[in-house]
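Peer 1: mind looking at a prediction? Sequence and model below.
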Amino acid sequence: MKAKNKELEFKRNEDAFLQLMQRYRHMHDQVRLGGGAKAMAKHKEKGKMTAWERITKLLDADRPYMEVGALAAWGLYEEHGGCPSAGVVVVVGYVSGRQCVVVANDATVKAGAWFPMTGKKNLRAQEIAMDNRLPIIYLVDSAGVYLPMQDEIFPDKEHFGRIFRNNARMSSMGIVQLAAIMGSCVAGGAYLPVMSDEALIVDQTGSIFLAGPYLVKAAIGEEVDNETLGGASTHCEISGVTDHKMADDAACLGTLRRLMGQLGAPNLAGFDRIAAQAPARDPNGVYGVFPEGNARPYDMEELIAHLIDTDSFVPYKSGFGKTLVCGYARIDGWSVGLVANQRKVVKSAKGEMQFGGVIYSDSADKATRFIANCNQRHIPLVFLQDVTGFMVGSRSEHGGIIKDGAKLVNAVANSVVPKFTVVVGNSYGAGNYALCGKAYDPRFIYAWPTARMAVMGGEQAAKVLLQIQLSSARIAGKATDPEFEAALLSQISARYQSQTLPEYAAARLWIDGIIDPVETRSMISMGIEAANHAPIERKFNMGVLQV
């Protein structure tokens with residue numbers, strides 16, 4: 001009977017997870033449409049490929065790729081007509097056998113204009129290239145800054161101008177940058193291809209200038225057409241701004257592939273990899289392991305068995321600090337150190353019951369030591385987050401939970417080996433920080449559809465916010481009653497819960513995207529391969545600690 005109940009629960013979990021997956025696949029299908037069918041048809045009438053057609057033709061067809069920020073700007077800028085995928089496509093893939101970052105403007109979305117999230121996404125692409133010393137290819141087709149929002153994209157440190165600063169920094173670091181001007185390239189945006197190592201331009205469709213014909217007419221009274229002002233012939237034969245004149249998109253992409261195929265071999269960091277083994281358990285089985293609504297405990301080690309190479313797990317201090325699972329393993333052959341929240345209820349060494357998903361002092365102490373070991377042994381770290389935070393209460397405070405938590409945060413912040421984070425369930429409060437949330441520089445951070453991210457759980461937060469609003473109402477002399485309170489609680493809960501959803505985080509690039517759990521192995525494997533291009537240049541040092 002017990003086995004039958006477990007089987008029914010597995011099936012119920014699986015069905016719920018697959019329904020979630022269907023929802024997020026639909027979202028990804030929607031953003032792939034860019035500016036819509038009419039905008040795409042108009043784009044193609046000019047003899048141009050779409051952003052995804054360009055990427056597909058550029059990448060090696062027999063190799064995987066990883067998209068970054070697919071849902072960036074989801075639900076944002078609706079008053080401006082929306083900006084699917086922030087108007088730019090970013091992938092990490094392979095071109096002529098070389099792993100690289102590709103950034104392609106989607107000119108079907110507001111002519112490829114830059115919204116605030118477009119800038120943030122481009123900066124994220126450059127950050128990936130810089131952190132991992134990966135070549136980066138820009139497929140430029142953009143009308144420049146979206147003027148109605150210029151104040152949110154122009155002047156600050158993480159705005160438009162930072163792109164060109166990064167161009168200069170990457171050049172000094174020896175990171176290869178290739179740019180193809182396949183459409184408009186206007187005003188400040190003109191600096192991006194020119195500050196790259198080599199620039200290609202497509203004849204008749206590509207153009208680059210600081211000021212277009214209308215602005216030139218307004219500024220100095222000169223009448224000039226696009227081609228004469230900044231077309232392929234002008235810049236390849238007169239100004240010398242660009243290096244290669246290309247007949248069309250296909251020829252341009254073919255030349256990029258040849259240029260990438262001639263790059264010298266990279267210096268590698270030397271992370272350990274052996275022949276990959278399939279997981280001991282079917283990767284698809286993870287759908288049934290994860291509880292519907294994340295409402296019940298589950299065994300994180302069972303979930304891990306669906307992700308790692310068979311017979312590769314070596315647990316670290318398995319009898320101590322049981323609410324965090326730490327251990328050495330292999331993922332697609334790569335040696336990794338795993339730090340994951342144990343979600344089932346466990347007993348401490350003193351026989352006390354400990355809640356799953358909560359970080360206790362002993363767990364924090366164990367994970368700190370484990371992270372130090374991985375840094376000493378040159379082993380990349382993988383964090384699996386399903387954390388509700390650190391344990392609270394007088395017993396924990398007297399035991400120094402803040403001190404132990406600070407040590408863990410210190411270890412994560414100062415870690416020099418590459419870190420990768422997967423938010424599988426909850427990611428609340430300081431637990432997000434301690435298990436390498438976005439603020440702690442994971443090389444890549446992705447979420448499953450079951451993820452929830454917030455400063456605290458929805459139910460607790462809604463009750464706190466309710467009390468604040470009721471207190472304000474009473475101070476203002478407004479009458480309240482149980483019916484009013486219930487309605488207000490429902491309104492607060494709905495708003496707060498919507499802000500914890502993974503698409504909310506993905507829209508703001510707090511995560512790099514939402515993935516199917518079966519893609520987790522590939523994401524981590526490609527991530528470590530990328531990180532292997534960047535030798536570690538400093539020693540692990542945790543600085544001053546409250547011991």
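Peer 2: Yes, it's here.
Peer 1: residue 113: what's it in contact with?
Peer 2: 87, 142-146 (Cβ atoms under 8 Å, 6 or more residues apart in numbering). Backbone N, C-alpha and C define where each C-beta goes, glycine included.
Peer 1: neighbour-wise, which of these leads?
Peer 2: When neighbours are taken as other Cβ atoms under 10 Å, the top entry among the contacts of residue 113 is residue 87 (30 neighbours).
Peer 1: count of residues packed around the nearest residue to that residue once chain neighbours are set aside?
Peer 2: The shortest distance from residue 87 to any non-neighbouring residue, by Cβ to Cβ, 6 or more residues apart in numbering, is to residue 109 (4.0 Å). Residues lying near residue 109 (other Cβ under 10 Å) number 27.
Peer 1: give me the next element, helix or strand, following the strand or helix carrying residue 402.
Peer 2: Taking DSSP states H and E as the criterion, residue 402 maps to helix 401-414. Remark: after helix 401-414, the chain's next helix or strand is strand 419-428, criterion DSSP H and E.
Peer 1: point out where the stretch 1-150 of the chain drops to low pLDDT.
Peer 2: Within the stretch 1-150 of the chain, the segments meeting pLDDT under 70 span 1-2.
Peer 1: rewinding a little: among the contacts of residue 113, which lie within helices?
Peer 2: Judged by DSSP state H, the subset of those located in helices is empty.
Peer 1: just the residues you listed now: which is nearest residue 116?
Peer 2: Using Cβ to Cβ, residue 146 comes nearest to residue 116 of the contacts of residue 113, at 8.5 Å.
Peer 1: in contact with that closest one, which residues?
Peer 2: Contacts for residue 146 (Cβ under 8 Å, 6+ apart) come out as 80, 110, 113-115, 118, 153.
Peer 1: including secondary structure, could those residues go into a markdown table?
Peer 2: Output for the contacts of residue 146, formatted as a markdown table (DSSP: H, G, I helix; E, B strand; the rest coil):
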| residue | secondary structure |
| --- | --- |
| 80 | helix |
| 110 | helix |
| 113 | coil |
| 114 | strand |
| 115 | coil |
| 118 | helix |
| 153 | coil |
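Peer 1: which of those residues are buried?
Peer 2: Neighbour-count burial (16 or more other Cβ atoms under 10 Å) applied to the contacts of residue 146 gives 110, 113-115, 118, 153.
Peer 1: other SSEs contacting the biggest helix by length in the chain?
Peer 2: In the chain, taking DSSP H as the definition, the longest helix is helix 2-32. With contacts taken as 3 or more Cβ pairs under 8 Å, 6 or more residues apart in numbering; DSSP states H and E, helix 2-32 sits against helix 286-289, helix 502-507.
Peer 1: give me the contact list for the first one.
Peer 2: By Cβ under 8 Å, 6+ apart, the surrounding residues in contact with helix 286-289 are 10-11, 13-14, 17-18, 298-299, 302-303, 306-307, 517-518.
Peer 1: so who does the residue nearest the centre of the chain touch?
Peer 2: Among the residues of the chain, the one closest to the centroid is residue 512, at 1.3 Å (Cα atoms, centre = their mean). For residue 512, the contact set (Cβ under 8 Å, 6+ apart) comprises 68-69, 124, 444-446.
Peer 1: in a markdown table, list the residues you listed along with neighbour count and distance to residue 45.
Peer 2: What follows is these, written out as a markdown table (neighbours: other Cβ atoms under 10 Å; distance: Cβ to Cβ, whole Å):
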| residue | neighbour count | distance to residue 45 |
| --- | --- | --- |
| 68 | 22 | 30 |
| 69 | 27 | 28 |
| 124 | 19 | 32 |
| 444 | 25 | 37 |
| 445 | 26 | 39 |
| 446 | 25 | 37 |
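Peer 1: just flag the most distant two among these.
Peer 2: Pairwise distances among the contacts of residue 512 were taken by Cβ to Cβ; the largest, 12.9 Å, belongs to 124 and 446.
Peer 1: point out where this protein drops to low pLDDT.
Peer 2: In the chain, residues with pLDDT under 70: 1-2, 398, 458, 461-462, 546-547.
Peer 1: ok so, going back, and which of the contacts of residue 146 is nearest residue 184?
Peer 2: residue 113 (9.6 Å).
Peer 1: burial count for residue 45?
Peer 2: Neighbour count of residue 45, defined by other Cβ under 10 Å: 8.
Peer 1: torsion angles phi and psi at residue 91?
Peer 2: phi -130, psi 150 (degrees, to the nearest 10).
Peer 1: the stretch 401-547 of the chain: helices as residue ranges?
Peer 2: Assignment of helices within the stretch 401-547 of the chain using DSSP state H, counting those that start in this stretch yields the ranges 401-414, 429-434, 458-475, 482-500, 502-507, 520-531.
Peer 1: looking at those helices, which is closest to residue 194?
Peer 2: helix 520-531 (26.6 Å).
Peer 1: identify the residues contacting the closest one?
Peer 2: 64, 66, 92, 99, 128, 131-132, 134, 269, 271, 273, 276, 279, 283, 307, 331-334, 336, 380, 382, 418, 420, 422, 443-444, 446, 448, 515.
Peer 1: just to revisit the earlier point, tell me the contacts of the residue nearest to residue 87?
Peer 2: 34-35, 39, 83-85, 87.
Peer 1: go with 6 Å
Peer 2: 34-35, 83-84, 87 (Cβ atoms under 6 Å, 6 or more residues apart in numbering).
Peer 1: any idea how far residue 94 lies from residue 240?
Peer 2: Remark: distance between residue 94 and residue 240 (Cβ to Cβ, to the nearest Å) = 32 Å.
Peer 1: cool, and residue 464?
Peer 2: 63 Å.
Peer 1: more neighbours: which of those two?
Peer 2: residue 464 (13 against 8).
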